[in-house]
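K.L.:
any chance you could fold what I've pasted below:
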Amino acid sequence: MMTTNPPSLVRPKNGRLYLYNDTSFSFPLSDKEMSEVITADGYGSRLVIAVNGKFPGPTIEAYEDQTMIIHVRNLMHTDSTTIHWHGMHQKGTPRSDGVAFISQNPILPGLTFTHRFSAQPHGSSFYHAHIGDQRSMGLYGGLIIYPKYKFFSQPQVGFTVLLQDWNHDDEPETLYQRMLNGVFDLNKFTQIEPTQSIDGANFSRFHIHSALINGKGRFYEGQYENYDRKRYTSNGAPLETFKVQYGQSYRFRVISASTLYPFRIYVQGHRELNIRASDGFEIVRGTGNNSRDLIVESFIIHPGERYDFTINANQTRGTYLLVAESIEDLSKKNPPEYHAAEAIIQYEGTTTTYPNKDSTEQNHCTSQTPCVTFNCPYLYYPTTNYRPCLTFDIANSNESLSKFKEVENVDETLFFNFAFPGEPGNTPGSVNGHQFISPTSPILTNEEDLTTHCSNSDCGNDKICSCTYNVELSSDRVYQFVITNLGNGRGWSHPIHLHGHYFYVMKMGFGRYNTDTGKFMTSTTDIECFGSKNYCNSAQWSNTNWTNASNSIPGLQLDYPPEKDTIIIPTGGYVIIRFKANNPGAWFFHCHIDLHNTNGMGMVLLESKDKYQQKDQSKSKDKRTDDIYINSKGDSTYNESHQIIVLLTILGLMLSI
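P.N.:
Numbering: from 1, shown residues only. Okay, here's the model as predicted:
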């Protein structure tokens, strides 16, 4: 449906749009008219949330250290909202983090909230709703911060690729209830079984039909032909197009705003992707004289992650597909299904064509020319795929100002288990068995109002409790978090995001896998869980030497460990991260799968409370923004220079094709 007034109904064919009554497809809409249409994957009708009339919202660009002043105006009639600036550390500005009831009250319909913060750190980030599951409706957009130094890999300017899994039927409340109670095929009157990844790890009950790049995609219907050959037909909806010149190098910034699913990213006909950055931080493989580019055929991106890669436009001039393929195992689907986002990469000077789906067989992967895949949430693909996995912890930081030496010595180690433990019928998302209950007023400024404290009588090794789980961190101490996915609540991999910080990825620990089939077999034996019910609500290292000397842990990355703010925790495994507590505030620490987060898989880190409580209690405000503005020293600051001022207007729109 065109968003102009009055709206017009349109339908797609071969990448163009036509008015619904143009039955012969003779009069395609102009490019300008098409730009006014929210197409999604070109199928049916559903409600979306638009920002400044766009789906997804407009990409905001700035330079490192510029002051961002962003006015968020809520024009939805019935829904409250908040906007989180994912990747921004908000050092000194915790009230601008944008998490409902953690850093601020929700923005009520008709009201405006002003965020003021410094554009730090550099790299590919994004903004998105942080209340309920509004991100699944399109309330997100890119946030690109260019570095102020020229050390970083070039080019910096390139293409922004916003990725989203897409469902034809669900809206936030219905998709959450379906995750709890199941999804049904109303044509067959049967329940749709959740899918799994190639290792057997589960995906929750959020059924996707397709996926989108920058709000565009196409829907495929599959059928079996002779000899069980699969045939897919798309609906011909328009795709995003990136134009390149032969012989040039281009940077692609892939940002996953997905609700639940990870995707494998590759470029048709271009076997070498040079991975430049993850979550905004530059990475390579190796250090010193052994440092080299991280070249792969493809990589996997999980919800909340961002990856920058460069390609050389050096193939035969023509049209190719940038493909983001769900890592679901769909081999048993009948009729067959194909879940992918696609965009067109077109060499300039060539005829515009609408490409067919890429071959599913991926025959270019052979024993002589294997297809290396980076950031796998498991250790192996089946051997017949000829697709070796590289896990994220093989990377090293390529940041010239990396401060990794400040986390060389650990002051305290904490274990956090992100999982679904419990008895049948009561297995909520939780951290150490605590299902997170949101406060009723911001815990940053109104902790004394908290009524949902966690109690020893309700919570424990063999108990599941519901409360506002929080842990206090002391100023300037170095913390080592062991983030686990163990016990009877494992079975799903979780991308875990930390607000207010980046962290160093020191090690990833995996369970045991079948090296031929790639299937998960048993959990890691590195960690011992306490309790009789195998909830793993508390844990310790199995080897006491690892407890007594944290740097003695085998496989620890002590030399230029990579920086990140979102990391996948494999089922049956763990990840070791370190960071210095140098940013006072109340920081959410949670699974970035929307449905898991809403179900309670999160907690709050109350950091350096002595350095922000005094300021909050004084009720000192920046009169020009009516918002508390705190720096790490507890002083009020205001920077007039180098400001970026943005107005974001949020409203609901109906798309219909």
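K.L.:
now do the contacts for the residue nearest to D199 when sequence neighbours are not counted.
P.N.:
Leaving aside its chain neighbours, D199 sits nearest to Y378 (3.9 Å; criterion: CB to CB, 6 or more residues apart in numbering). Any C-beta I mention is one placed from the backbone N, CA and C, and that applies to glycine too. Contacts here follow CB atoms under 8 Å, 6 or more residues apart in numbering; on that basis Y378 touches 197-199, 201, 389, 510, 513, 518, 520, 570.
K.L.:
one more pass at 10 Å, please.
P.N.:
By CB atoms under 10 Å, 6 or more residues apart in numbering, Y378 lies in contact with 197-201, 300, 327, 389, 391, 493, 510-511, 513, 518-520, 568, 570-573.
K.L.:
residue contacts, the most centrally placed residue in the chain?
P.N.:
Residue closest to the average C-alpha location in the chain (CA atoms, centre = their mean): G304, at 1.5 Å. Contact analysis of G304 by CB under 10 Å, 6+ apart lists 86-87, 126, 128, 135, 255-258, 279, 495-497, 565-568, 590-594.
K.L.:
ok, now how distant is the residue nearest to D199 from F404?
P.N.:
Distance of Y378 to F404, computed by CB to CB, to the nearest Å: 27 Å.
K.L.:
cool, and L108?
P.N.:
43 Å.
K.L.:
okay, the two: which has more neighbours?
P.N.:
Taking other CB atoms under 10 Å, L108 and F404 do not tie; F404 has more neighbours (19 against 12).
K.L.:
that one contacts P561, correct?
P.N.:
Yes: the pair F404 and P561 qualifies as a contact (CB atoms under 10 Å) at a distance of 5.6 Å.
K.L.:
quickly list what's touching both of those two.
P.N.:
By CB under 10 Å, 6+ apart, the residues touching both F404 and P561 are 396-397, 504, 506, 578.
K.L.:
distance of the residue nearest to D199 from N537?
P.N.:
Applying CB to CB, the value for Y378 to N537 is 25 Å.
K.L.:
what of M603?
P.N.:
13 Å.
K.L.:
okay, these two: which has more neighbours?
P.N.:
Higher neighbour count among M603 and N537: N537, with 27 against 22, using other CB under 10 Å.
K.L.:
rewinding a little: just the contacts of G304: which are in helices?
P.N.:
Taking DSSP state H, the ones among those that sit in helices are D594.
K.L.:
pretty sure the residue nearest to the centre of the chain sits in a strand.
P.N.:
No: applying DSSP: H, G, I helix; E, B strand; the rest coil, one finds G304 to be coil, outside a strand.
K.L.:
now it. Its backbone dihedrals?
P.N.:
Per-residue torsions, G304: phi 90, psi -20 (degrees, to the nearest 10).
K.L.:
leaving out the residues flanking it, which one is nearest to it?
P.N.:
H592 (3.3 Å).
K.L.:
what's the neighbour count on the one you found?
P.N.:
Neighbours of H592 (other CB under 10 Å): 28.
K.L.:
pretty sure it sits against H302.
P.N.:
Yes: counting by CB under 10 Å, H592 does reach H302; the two are 7.5 Å apart.
K.L.:
mutual contacts of those two, please.
P.N.:
Common neighbours of H592 and H302 (CB under 10 Å, 6+ apart) are 256, 258, 260, 494-497, 566-568.
K.L.:
ok, the residue nearest to P121 when sequence neighbours are not counted - contacts?
P.N.:
Closest residue to P121 apart from its sequence neighbours, by CB to CB, 6+ apart: G280 at 5.7 Å. Counting by CB under 10 Å, 6+ apart, G280 touches 87-88, 120-125, 143-145, 147, 253, 306, 308, 399, 502, 563-565.
K.L.:
so who does D516 touch?
P.N.:
380, 382-384.
K.L.:
ugh, wrong one, I meant H86
P.N.:
97-98, 125-128, 130, 135, 140, 143, 255, 257, 279, 304, 306, 497, 499, 565-566, 592.
K.L.:
and what of V471?
P.N.:
Contacts of V471 by CB under 10 Å, 6+ apart are 414, 416, 431-432, 479, 589, 603-607.
K.L.:
cool, thanks, talk later.
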